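Asker: quick one, structure for this:
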Amino acid sequence: MARAKTTLRDDVQAVHARTQDQNFDGRVRAVVDAVRPCVDGGRFAVKRVEGELVSVEADCFTDGHDALRVLLRWRAADPAAPWQDVEMAHDVNDLWRGSFVAGPPGRYFYTVVAWVDHFLSWRHELERRTDPEDIALAARIGAGLARAAALRAQGEDRDALTDWANRLEQDAKRCAGDPQAQALKALALDADFAERVMRYPDRSRETCWPDELPLLVDRPRARYSTWYELFPRSTSPEAGRHGTLKDCIARLPYVAELGFDVLYLPPIHPVGREKRKGKNNALVAAPDDVGSPWAIGAVEGGHKSVHPDLGTLDDFDALVKAANARGIEIALDIAYQCAPDHPYVKAHPNWFRWRPDGTVQYAENPPKKYQDIYPFDFESEDWRALWEELKNVFEFWIRHGVKIFRVDNPHTKAFPFWEWVIAELKQAYPEVIFLAEAFTRPKVMHRLAKLGYTQSYTYFAWRNTKYELTEYFTELTQGPGREYFRPNVWPNTPDILTETLQFGGRPAFMQRLTLAATLAASYGIYGPAFELLEAAPREPGSEEYLHSEKYEVRHWDLDRHDSLRAFIARVNRIRRDNPALQADWSLRFFPTDNEQLICYAKSTEDGANQIVCVVNLDPHNTHSGWVDLDLAALGIEPAMPYQMHDLITGARFLWHGARNFVQLDPQRSPAHIFRVHRRVHREHDFDYFM
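Answerer: Okay, here's the model as predicted:
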């Protein structure tokens, strides 16, 4: 109770202090409340991509019946940038809406202002007047408002408004009956002159939302991207030879054929020799073991060096250039950790946490132990120098053409560092994209996204049932986190071989790829392990691969007859050809009467492109059932037939009504990806679909 009284007294004192402020004006009557979208009260930025519509709404009202005008204001973060004003429209229940198109990548601000507009109030009131005397008096009031607007106007508008005010006053004096009153009313309500007055409002008593809310605009690839991960050292065409960056260049046509636009490389730096791991994560390495690429640093260099067996920096530059020529971007892994023999360990020992026995605390994530990795100590007394050097690592690779970074385990590094370094880099290089590889607690993942990460890994790999998928992706695409958390979903990674893939066979790989590629606008696979159906775990119950590429060089037969190469290429082509699959927010789930069948749809904002997917979640058995589509959401008239074009097989089906039958044999194809063609007209008993 005492706490409540203290809070109340503080509030009263705050109100008193505010009203005594010389800048306080008690005549300001408009209220601006609850501006949306807004992340944590404006502490963090809302995210959009260039060309995307930024829709803003606010609750705005005033006392009495006066009319409001409400503006959405936005500008670039540069203090010299001018504000752009957009008129907001009233909806219902004091809700106002407005929007603007996101500009080039960079940081922006937006806010909402409102004021009681006496001209609009006068105009609305006049529309209801019928008595000639009332109309004449109202016209004289309107003349005064027009003269006030003329003083704020310029050029031709000033003269026109002055003339209009004079005419209103003169006609009001002569108004003596109903015909003249109606003519006067028509003159007063003239739309052209109303538009002129509206150009020069009296905003001296406007209310402004107290915060300029931040907006972070990225390039379109932040919203829609298709990732392929491979280990450069496993790209050699000959078995037994360590692959090179030149071999990666030779692999580019294959990656392009599959339809990927981002080629993600694990760390390409020298690998430490001290405490190097052997095959299958063995604690003792054989003389020819290559170690883990994430154990970064050796006598040859550290985070700004290329492993000599891979090639040189010139070779890396050539890879970036060759990839870009094919429409592919190189994404580089940034792992802020060191092998025991990394040059940083000797040059900057205070960047690490030393134990009483004189050794450095290696990384652990029980039950996993990483004896070959030393984490940085973000509580180091020399933390400023550490931050600057880690920022310089990013800048080094940006100068070598990298614009996309996949950051390893960012949740194990200090949050203030990420907020600082991402903001610094995005200000200098607004086109850069950061993917957070953080499979951790939800609130931690969301915090990283708020701090600036462009995209985020998800729990997709472990969501298998219809309920799990529906609940999770509804949260991702319709929940409040969608304003800042952009999902990038992966059915497998070098660390994650799920039980579904271990035991589901080829149908499970096809099913999981289809789900990833259609539920999310950004997805990726770790290949060639994925398309070649790699499914053997290191031991029962483990998600680690047997003969994992993390610890050894592999040779892959890309031309194997059972490869999913053609299927992946087709699905990625479907994504590329259908803009509905290139964004997330339109995702909607539809009921099915079989728990092994999941049905969902995506559409473009104008409804021109509609995709409906039905997936069999059981990789072992054929399932059939009825799906219930929301015809209104798909823009389909209930009485009209419509065509469902399966983009995987090419088959076409004529459906009627909301409820339709499907059957999927996972051994043939575990999914339908339908493009909806609505009937537009009928001639001579032929149906035409669009």
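Asker: switch to C-alpha atoms for all contacts and neighbour counts from now on
Answerer: OK.
Asker: surely Leu672 meets Ile648?
Answerer: Let me fix one detail, which is that residue 672 is His and not Leu. Yes - distance between His672 and Ile648: 6.8 Å, which falls inside the contact criterion (CA atoms under 8 Å).
Asker: which of the two has more neighbours?
Answerer: For the pair His672 and Ile648, the greater number of neighbours falls to His672 (23 against 15), based on other CA atoms under 10 Å.
Asker: where does the more buried one land in three-state SS?
Answerer: Here His672 is strand, with the state taken from DSSP: H, G, I helix; E, B strand; the rest coil.
Asker: residue contacts, it?
Answerer: Under the criterion of CA atoms under 8 Å, 6 or more residues apart in numbering, the contact partners of His672 comprise 612-615, 646-648.
Asker: just the pLDDT at it, thanks.
Answerer: pLDDT, His672: 98.
Asker: please apply the same query to Pro82.
Answerer: Pro82 carries a pLDDT score of 95 in this model.
Asker: for my notes, confirm it occurs in a helix.
Answerer: No - Pro82 is assigned coil when assessed by three-state DSSP, not a helix.
Asker: spatially nearest residue to it (excluding sequence neighbours)?
Answerer: Here the nearest residue to Pro82 in space, its sequence neighbours aside, is Arg75; by CA to CA, 6 or more residues apart in numbering that works out to 6.2 Å.
Asker: my guess is the one you found is in a helix, correct?
Answerer: No - counting by three-state DSSP, Arg75 is not found in a helix; it is strand.
Asker: does it touch Val86 like I think?
Answerer: No - in this structure, Arg75 is not within contact of Val86 by CA under 8 Å, at 11.3 Å.
Asker: of those two, which one has the most company?
Answerer: Neighbour tally, Arg75 and Val86, criterion other CA under 10 Å: the higher count belongs to Arg75, 20 against 16.
Asker: which pLDDT value goes with the more buried one?
Answerer: Model confidence at Arg75, expressed as pLDDT, equals 97.
Asker: can you check Glu206 too?
Answerer: As summarised for this prediction, Glu206 has a pLDDT of 93.
Asker: same question for Glu127.
Answerer: Glu127 carries a pLDDT value of 89.
Asker: contacts only, for it.
Answerer: With contacts defined as CA under 8 Å, 6+ apart, Glu127 is in contact with Leu189.
Asker: now His307. Nearest residue, chain neighbours left out?
Answerer: Pro270 (4.1 Å).
Asker: look up how far His342 lies from that neighbour.
Answerer: Spatial separation of Pro270 from His342 under the definition CA to CA, to the nearest Å is 9 Å.
Asker: so Val101 sits against Val54, correct?
Answerer: Yes - in this structure Val101 lies within contact range of Val54 using CA under 8 Å: 5.9 Å.
Asker: compare neighbour counts for those two and give me the winner.
Answerer: Summary of the neighbour comparison: Val101 and Val54, criterion other CA under 10 Å, with Val54 having more neighbours (18 against 13).
Asker: what are the contacting residues of the helix or strand harbouring that one?
Answerer: Counting by DSSP states H and E, the element that carries Val54 is strand 53-61. With CA under 8 Å, 6+ apart as the test, strand 53-61 has contacts from 30-37, 48, 68, 70, 72, 94-102, 112, 114.
Asker: repeat that for stretch 149-156.
Answerer: By CA under 8 Å, 6+ apart, the residues outside stretch 149-156 that reach it are 157-159, 161-162, 197, 200-202.
Asker: now the buried members of these.
Answerer: Applying 16 or more other CA atoms under 10 Å to the contacts of stretch 149-156, the neighbour count classes 157-158, 161-162, 197, 200-202 as buried.
Asker: domain ranges for the chain, per the record?
Answerer: Split into domains by automatic domain parsing, the chain comes to 2-114, 119-198, 588-689.
Asker: and the first one, how far out from the chain's middle?
Answerer: In terms of CA atoms, centre = their mean, to the nearest Å, the gap separating the centre of domain 2-114 from the centre of its chain is 23 Å.
Asker: for the stretch 451-600 of the chain, which segments count as helices?
Answerer: According to DSSP state H, counting those that start in this stretch, the stretch 451-600 of the chain carries its helices in the segments 466-478, 499-519, 565-577.
Asker: to Trp294, which of these lies closest?
Answerer: Closest of these to Trp294 is helix 499-519, at 24.8 Å (criterion: CA to CA).
Asker: quick check: mean pLDDT of the closest one?
Answerer: Helix 499-519 comes out at a mean pLDDT of 98.
Asker: contacting residues around it?
Answerer: Everything outside helix 499-519 that qualifies as a contact, by CA under 8 Å, 6+ apart, is 460, 473, 489-491, 523-524, 530-531, 533, 535-537, 543, 564, 567-568, 571-572, 575, 581, 584, 587, 613, 615-620, 666-667, 669-671.
Asker: mind pulling up the phi and psi values for Val49?
Answerer: Taking degrees, to the nearest 10, you get phi -120, psi 160 for the backbone angles of Val49.
Asker: how about the contacts of stretch 149-156 in TSV, adding distance to Ser234 and pLDDT?
Answerer: Conversion of those to TSV gives the following (distance: CA to CA, whole Å; pLDDT from 0 to 100):
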residue	distance to Ser234	pLDDT
Asp157	72	92
Arg158	75	94
Asp159	77	93
Leu161	77	93
Thr162	80	93
Val197	71	93
Tyr200	68	93
Pro201	68	93
Asp202	69	92
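Asker: tell me the two of these that are most distant?
Answerer: Asp159 and Asp202 (18.1 Å).
Asker: what residue lies at the spatial centre of this structure?
Answerer: With distances taken as CA atoms, centre = their mean, Arg486 lies nearest the centre of the chain, 3.5 Å away.
Asker: what's the neighbour count on the nearest residue to it once chain neighbours are set aside?
Answerer: Setting aside the residues directly before and after it, Arg486 is nearest to Gln455 in space (CA to CA, 6+ apart), at 4.8 Å. Neighbouring residues of Gln455 were enumerated by other CA under 10 Å; the total is 23.
Asker: run through the bridge partners of Gln455.
Answerer: Per DSSP bridges, the residues bridged to Gln455 are Leu435.
Asker: wait, isn't it in contact with Pro487?
Answerer: Yes - taking contact to mean CA under 8 Å, the distance of 5.8 Å between Gln455 and Pro487 places them in contact.
Asker: that older thread, please report how far the residue nearest to Arg486 lies from Leu587.
Answerer: Distance check for Gln455 against Leu587: by CA to CA, it reads 18 Å.
Asker: per-residue confidence for the residue nearest to Leu71 when sequence neighbours are not counted?
Answerer: In space, and not counting its chain neighbours, Leu71 is closest to Glu87: 4.7 Å by CA to CA, 6+ apart. Predicted confidence (pLDDT) at Glu87: the value is 97.
Asker: what does Glu87 show for phi and psi?
Answerer: Backbone phi and psi, for Glu87 under degrees, to the nearest 10, turn out to be phi -70, psi 130.
Asker: I'd say it and Gly98 touch.
Answerer: Yes - when contacts are counted by CA under 8 Å, Glu87 is listed as touching Gly98 (6.7 Å).
Asker: joint contacts of these two?
Answerer: Taking CA under 8 Å, 6+ apart as the contact definition, Glu87 and Gly98 share the neighbouring residues 71-72.
Asker: got TSV for the domains of the chain, with distance to Ala222 too?
Answerer: Converted to TSV, these look like this (distance: least, CA to CA, whole Å):
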stretch	distance to Ala222
domain 2-114	7
domain 119-198	39
domain 588-689	18
